[in-house]
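> no letters, just coordinates:
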């Protein structure tokens, strides 16, 4: 045990040391790479926090439905509240990189598909990455074949043309994009439907602008109305439906009498929030770090005089990395999935599949070499950060998937990949970041995710009941 | 791969969900407890750290006692007495 602990510590130091060395090498190669290095270390910090807090968005709704445990749902709502306040502060000082997303029913549908996928695979997009860091190879299957390869294939094939209405084809054609970049069903969906949907950010609405001049529109419109109030309502709903009964019963026993007052309920909500201190504490920290991340990336952009890392890649002569718009995928904040799609596309190109002939890579996000891909480095950072934390707490265990887990990992991963693209994001980019930034479409995605998780849990309940019955035949 | 749920004695059980990842350990644990009588004890063996937090909170909420929690060779053992 002692020997194992020493070995784990050695690995933790080795990984951290290697990342420091890599960061130094980037700096020596070109100071512009400090932009990318910032992504590495924020990814690393996310990974450590996600692993320590067992922070997984799949767990939030899944454990609520499957086991009646609100631990993770509470953690996420706490993170959301803190992050929204920091987002508002950054927006009010013009230091935010946040941008709202096209609003429409597609967000809800995509969330539903993603929600089923995250329950089947055992982790959301960010959760799968931190679990890879713990040695969980089922999550690797989900991330590699679903989020990487699955997503890349999804945006480049015509398989979904039967779902595309003729009106989208006409609208997309009218956009005047180069014909060699408009080859897939997803291209028609983007140019013919998504791009024409309105974006909504509370602080940008006419009503909020008129009522709240100055910085208060960010704090009231974006943070209070879009994130804080809904989050508090959800906390109360979760308390009432999942923990109130048990808590009041225990409290009445302790008090030796009835526990029915408002103070008892307030104590109950507090008890629910603090029930898992490591998760709640990480919720607070994740909210703060995610805000800091935005500040640092905006600072980098101002320092280098660019709006996207693609401009720096072009300055360094890596013109093949960027899209025709001169950009690469560079969200400016915590994001998962798009970069995994780029990684999948990069691999498929090595096998001769042209991945530049679509809007997603060819026009919008580019296809940089993995070692020059800032957001992909953030994902690697999450894996390595989680690995270091898991090693330090002797929780790292290399686990190969067997039997049914291979099926669930692959199927869940593919559904997550397919469910994140149409909404242009996953549990982080389409839900967490958007809600905290004042974009109500995040709640639409979140509602879909919860609905999908409910379906996934129903399925697993049925599946495990069958297996339990088989086991109990011998009793 | 198979989970194991065995009756090991009078009112004692063993649930082995090693190899399983979320959400299987917590679902099997909940279902095992549903099949047991009040006062029965199940020894749960798992190797997925993320599930442990959920199982402990689930037991705390419904009044089951968790004891003898230990980690050996990457496997987590705990005993749950149904309350």
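Received, thanks. As the structure is a prediction and not an experimental result, all values here were calculated from the model.
> alpha carbons only for contacts and neighbour counts from here, please
Will do.
> for chain A, what is the nearest residue in chain B?
residue B:22 (4.8 Å; Cα to the nearest Cα).
> and the residue nearest to that residue when sequence neighbours are not counted, backbone torsions?
Distances taken as Cα to Cα, 6 or more residues apart in numbering or on different chains place residue A:122 nearest to residue B:22, at 4.8 Å, with adjacent residues excluded. Per-residue torsions, residue A:122: phi 90, psi 10 (degrees, to the nearest 10).
> so what's residue 75 up against?
Just so you know, I chose chain A. Shown in contact with residue A:75 (Cα atoms under 8 Å, 6 or more residues apart in numbering or on different chains): A:55, A:273, A:279-283.
> not quite, go with chain B.
B:18, B:45-47.
> for it, phi and psi?
According to degrees, to the nearest 10, residue B:75 has phi -100, psi 140.
> list the beta-bridge partners for it.
residue B:72 (DSSP bridges).
> who's in contact with the one helix or strand residue A:58 maps to?
Taking DSSP states H and E as the criterion, residue A:58 maps to helix A:57-67. Contacting residues not belonging to helix A:57-67 are listed as A:69-74, A:76, A:115, A:118-119, A:122-124, A:126-127, A:242, A:427, A:450, A:453-454, A:457, A:461, B:23, B:26-27, B:30, B:54, B:58 [Cα under 8 Å, 6+ apart].
> how about 7 Å then?
A:69-70, A:72-73, A:118-119, A:123-124, A:127, A:427, A:450, A:453-454, A:457, B:26-27, B:30, B:58 (Cα atoms under 7 Å, 6 or more residues apart in numbering or on different chains).
> give me the distance from that helix to the chain's centre.
Offset of helix A:57-67 from its chain centre (Cα atoms, centre = their mean, to the nearest Å): 16 Å.
> and the angle from the helix or strand just after it to helix A:57-67?
Following helix A:57-67 in sequence order, the next helix or strand is helix A:71-92 (DSSP H and E). Here helix A:71-92 runs at an angle of 150 degrees relative to helix A:57-67 (axes from the mean of the first three to the mean of the last three Cα atoms, to 10 degrees).
> what is the helix or strand that helix A:71-92 is followed by packed up against?
Per DSSP H and E, the first helix or strand lying C-terminal to helix A:71-92 is helix A:105-121. Helices and strands touching helix A:105-121, as assessed by 3 or more Cα pairs under 7 Å, 6 or more residues apart in numbering or on different chains; DSSP states H and E, comprise helix A:57-67, helix A:404-420, helix A:441-471.
> what are the buried residues along the second one?
Think helix A:404-420. For helix A:404-420, a neighbour-count test (16 or more other Cα atoms under 10 Å in any protein chain shown) marks A:405-420 as buried.
> ok, of those residues, which one's closest to chain B?
When the buried residues of helix A:404-420 are ranked by distance to chain B (Cα to the nearest Cα), residue A:405 comes first, at 7.5 Å.
> which ones are touching that closest one?
Contact analysis of residue A:405 by Cα under 7 Å, 6+ apart lists residue A:138.
> the residue nearest the centre of chain B: what secondary structure?
Against the mean C-alpha coordinate of chain B, by Cα atoms, centre = their mean, the closest residue is residue B:44 at 3.3 Å. Using DSSP: H, G, I helix; E, B strand; the rest coil, the structure places residue B:44 in strand.
> per-residue confidence at residue A:3?
Here the pLDDT value assigned to residue A:3 is 69.
> how deep is residue 25 tucked in, by neighbour count?
Defaulting to chain A. Applying other Cα atoms under 10 Å in any protein chain shown, we find 12 other residues in the vicinity of residue A:25.
> nope, chain B
There are 27 residues near residue B:25, going by other Cα under 10 Å.
> quick one: contacts for it?
So residue B:25 contacts B:17, B:51 (Cα under 7 Å, 6+ apart).
> and it, how far from residue A:329?
Distance, residue B:25 to residue A:329, by Cα to Cα, to the nearest Å: 37 Å.
> can you tell me the element residue 50 falls in?
If you meant another chain, say so; for now it's chain A. Here residue A:50 is assigned to helix A:34-52, by DSSP H and E.
> I was after chain B.
Counting by DSSP H and E, the element that carries residue B:50 is helix B:49-62.
> state the distance from the closest residue to chain B within the stretch 51-200 of chain A to residue A:35.
Closest residue of the stretch 51-200 of chain A to chain B, Cα to the nearest Cα: residue A:122 (4.8 Å). Applying Cα to Cα, the value for residue A:122 to residue A:35 is 32 Å.
> more neighbours, the two?
The neighbour comparison of residue A:122 against residue A:35 (other Cα under 10 Å) goes to residue A:122, with 27 against 22.
> still on that earlier bit, which residues touch the residue nearest to residue B:22?
Neighbouring residues of residue A:122 by Cα under 7 Å, 6+ apart: B:21-23.
> again, but for residue A:280
Residue A:280 sits next to A:75, A:78, A:273-274 when contact means Cα under 7 Å, 6+ apart.
> which pair of the residues you listed spans the longest distance?
A:78 and A:274 (10.8 Å; Cα to Cα).
> more neighbours, those two?
Between residue A:78 and residue A:274, counted using other Cα under 10 Å, the more crowded position is residue A:78 (25 against 16).
> now for the nearest residue to that one once chain neighbours are set aside, how many residues are close by?
Closest residue in space to residue A:78, ignoring its immediate chain neighbours: residue A:283 at 5.6 Å, by Cα to Cα, 6+ apart. Look at residue A:283: counted by other Cα under 10 Å, it has 27 neighbours.
> so when I look at residue B:13, I'm seeing a helix, right?
No: in this structure, residue B:13 is strand, not part of a helix, as judged by three-state DSSP.
> that one touches residue A:475, doesn't it?
No: under the criterion of Cα atoms under 7 Å, residue B:13 is not in contact with residue A:475, lying 10.5 Å apart.
> any shared contact partners between those two?
Counting by Cα under 7 Å, 6+ apart, the common neighbours of residue B:13 and residue A:475 are residue B:7.
> these two: which is more packed in?
Under the criterion of other Cα under 10 Å, the comparison of residue B:13 against residue A:475 puts residue B:13 first, with 20 against 8.
> and that one, bridged to which residues?
Residue B:13 has the following beta-bridge partners by DSSP bridges: residue B:7, residue B:42.
> for residue B:7, see how far away it is.
According to Cα to Cα, residue B:13 stands 4 Å off from residue B:7.
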